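Trainee: here is my input, please return the structure:
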Amino acid sequence: MNISINEKQRIAREAAYSVPLDRLNVAQQSLFQSDTMWPYFERLRKEDPVHYCAESEFGPYWSITKYDDIMAVDTNHAVFSSEYTLGGITIGGGAANTDPLPMFIAMDPPRHDIQRKAVTPVVSPANLEILGPIIRERAGKILDSLPIGEPFDWVDKVSIELTTMTLATLFDFPFEERRKLTRWSDVVTAIPGHGIIDTFEQKMDELLEFQACFAGLWNERVNAAEPKGDLVSMLAHNPSTRDMSPREFFGNVVLLTVGGNDTTRNTITGSIVALNQFPDQYNQLRENPGLIPSMVSETIRWQTPLAHMRRTAIADITFKGKQIRKGDKVVMWYVSGNRDEDAIERANDFVIDRANPRRHISFGFGIHRCVGNRLAELQLQIIWEEILKRFPVIEQLEEPKRVYSTFVKGYESLNVVIPKRI
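Mentor: I've put the predicted structure just below:
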């Protein structure tokens, strides 16, 4: 690969350290799209780990950048609220989000707990045992269809295809139309004018189509005498959720679509990027495929597919010597916590045989810990077991095209080539 990563980061470091600390604003989509936010977070962790930014396109906000501090905020829902009416879980929620969608990740107990419990059976150990062979068969077919010796987009051909197949199964969504789920997931998090959609009106039109489609699935399944085991049926037949409003149902569908699609697909792509950036680790993996589970956890940490989660203070609190006021926006930068050298040794490196690889912050902590984390790990583990059976190497050809977002830390495309089969 002809990628001058070190030079790009050197320039970014000069920029990050030249800004007066009180004016440092890490919540810039351009930094994430260019993958140059790292020195900004490095500086905040060293100089001001609980940092107040007074001016940004998202308004004023606090940045929490160290591992242990993020854990403290994430587990204190009595003070730091996820409530959607207060702005929810993203830095953009609030004034810029005048009609927020209710969804259980953006709720506090007890309402959160009731709705989350309704969908957890779909990712139970028993159901994962059923899904495992299905995912493996699909992964094999996807990999066997890839061209040899010709460049192709890994995101489109592999990452999207596998995760969208799984998501369609979880929803019992029409399989031949499954790419609609990918499109809708992208539209939900897209910023108009940056590649996915052109205008806010287009975004709303596509979201209305998304909502109408799932309203039809709800109406079809809520009246079924015997509920099936898909997510829509679980919400429609659970006594605690069957009377939720159409808008609340749609909010939870959005959550499950983005959570089940964006995160896993971007981590699958991230594994290719990481192993190409650290070829010694790729060699180690080939020599010892037993390291796949550890490599999967390390990839989830190193990639951090959702860069942040946001909370809103519902009471004044002194936190690490800083006065956070009721109503303040507090952003937990998972992407920074996962690179905290005080918590994780050699945090910027990709190390597939770490002693404790699951000690990362990508899934969150406490009551909001990612409900589908085991399914995400399962998909990554299976795809890599099948890759190592087939291909000696997958070569990254150029820098990936990254998503323009401070929330989804992902990839639009990644050009690769597979020189030969095993």
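Trainee: over to the spatially closest residue to Lys228 that is not a sequence neighbour: give its phi and psi.
Mentor: Nearest non-adjacent residue to Lys228, counting by Cβ to Cβ, 6 or more residues apart in numbering: Asp172, 6.1 Å away. Yep, even glycine has a C-beta here, placed from its N, CA and C like the rest. The phi/psi pair for Asp172 (degrees, to the nearest 10) reads phi 50, psi 50.
Trainee: can you show me the strands along the stretch 201-350 of the chain?
Mentor: 309-313, 317-319, 322-324, 329-332 (DSSP state E, counting those that start in this stretch).
Trainee: so who does the residue nearest to Lys228 touch?
Mentor: 217, 228, 230, 232-233 (Cβ atoms under 8 Å, 6 or more residues apart in numbering).
Trainee: so the closest residue to Ala190 other than its chain neighbours, which state does it fall into?
Mentor: Among residues not flanking Ala190 along the chain, Ile196 sits closest, at 3.6 Å (Cβ to Cβ, 6+ apart). Taken by DSSP: H, G, I helix; E, B strand; the rest coil, the conformation at Ile196 corresponds to coil.
Trainee: rewinding a little: by mean pLDDT, show me the worst of the strands of the stretch 201-350 of the chain.
Mentor: Lowest mean pLDDT within these: strand 309-313, at a mean of 92.
Trainee: who's Thr318 bridged to?
Mentor: In this entry, Thr318 is beta-bridged to Gln323, by DSSP bridges.
Trainee: now for the closest residue to Lys66 other than its chain neighbours: which residues touch it?
Mentor: Spatially, and ignoring its direct neighbours in sequence, Lys66 is nearest to Pro49 (4.5 Å; Cβ to Cβ, 6+ apart). Neighbouring residues of Pro49 by Cβ under 8 Å, 6+ apart: 64-66, 69, 320.
Trainee: just those residues now: which is nearest Pro147?
Mentor: Of all these, Pro147 sits closest to Thr65, with 42.1 Å by Cβ to Cβ.
Trainee: against Asp35, how distant is the closest one?
Mentor: Distance, Thr65 to Asp35, by Cβ to Cβ, to the nearest Å: 17 Å.
Trainee: over to Thr312?
Mentor: In terms of Cβ to Cβ, Thr312 sits 29 Å off from Asp35.
Trainee: what about the two, which has more around it?
Mentor: More crowded of Thr312 and Asp35, by other Cβ atoms under 10 Å: Thr312, with 21 against 16.
Trainee: hmm, back to that, and the contacts of Asp172, which of them are buried?
Mentor: 217, 230, 232-233 (16 or more other Cβ atoms under 10 Å).
Trainee: for stretch 307-317, buried residues please.
Mentor: For stretch 307-317, by 16+ other Cβ under 10 Å, it's 307-314, 317.
Trainee: quick one: that stretch to chain centroid distance?
Mentor: 19 Å (Cα atoms, centre = their mean, to the nearest Å).
Trainee: list of residues touching that stretch?
Mentor: By Cβ under 8 Å, 6+ apart, stretch 307-317 touches 32, 61, 73-74, 79-83, 86-91, 93-94, 323-335, 364, 368, 405-409.
Trainee: for stretch 286-295, same thing?
Mentor: 271, 281, 284-285, 352-354, 357, 377, 381, 384-385, 388, 392-393.
Trainee: what mean pLDDT does it have?
Mentor: For stretch 286-295, the mean confidence score works out to 96.
Trainee: check stretch 41-60 too.
Mentor: On average, stretch 41-60 scores 95.
Trainee: CA atoms of it as PDB?
Mentor: The C-alpha atoms that make up stretch 41-60 are tabulated as PDB, following Å, rounded to 0.1, in the frame of the first residue of the first chain:
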ATOM      1  CA  PHE A  41      -7.900  12.900  21.500                       C
ATOM      2  CA  GLU A  42      -4.300  12.200  22.600                       C
ATOM      3  CA  ARG A  43      -4.000  15.900  23.700                       C
ATOM      4  CA  LEU A  44      -7.300  15.900  25.600                       C
ATOM      5  CA  ARG A  45      -6.400  12.700  27.400                       C
ATOM      6  CA  LYS A  46      -3.100  14.200  28.500                       C
ATOM      7  CA  GLU A  47      -4.000  17.800  29.200                       C
ATOM      8  CA  ASP A  48      -7.800  18.000  29.900                       C
ATOM      9  CA  PRO A  49      -9.500  14.600  30.000                       C
ATOM     10  CA  VAL A  50     -12.900  16.200  31.000                       C
ATOM     11  CA  HIS A  51     -12.900  19.000  28.500                       C
ATOM     12  CA  TYR A  52     -15.500  21.700  27.800                       C
ATOM     13  CA  CYS A  53     -16.000  22.900  24.200                       C
ATOM     14  CA  ALA A  54     -18.000  26.100  24.200                       C
ATOM     15  CA  GLU A  55     -18.600  26.400  20.500                       C
ATOM     16  CA  SER A  56     -19.200  23.800  17.800                       C
ATOM     17  CA  GLU A  57     -21.800  23.000  15.200                       C
ATOM     18  CA  PHE A  58     -23.500  20.900  17.800                       C
ATOM     19  CA  GLY A  59     -23.400  23.600  20.500                       C
ATOM     20  CA  PRO A  60     -21.400  23.400  23.700                       C
END
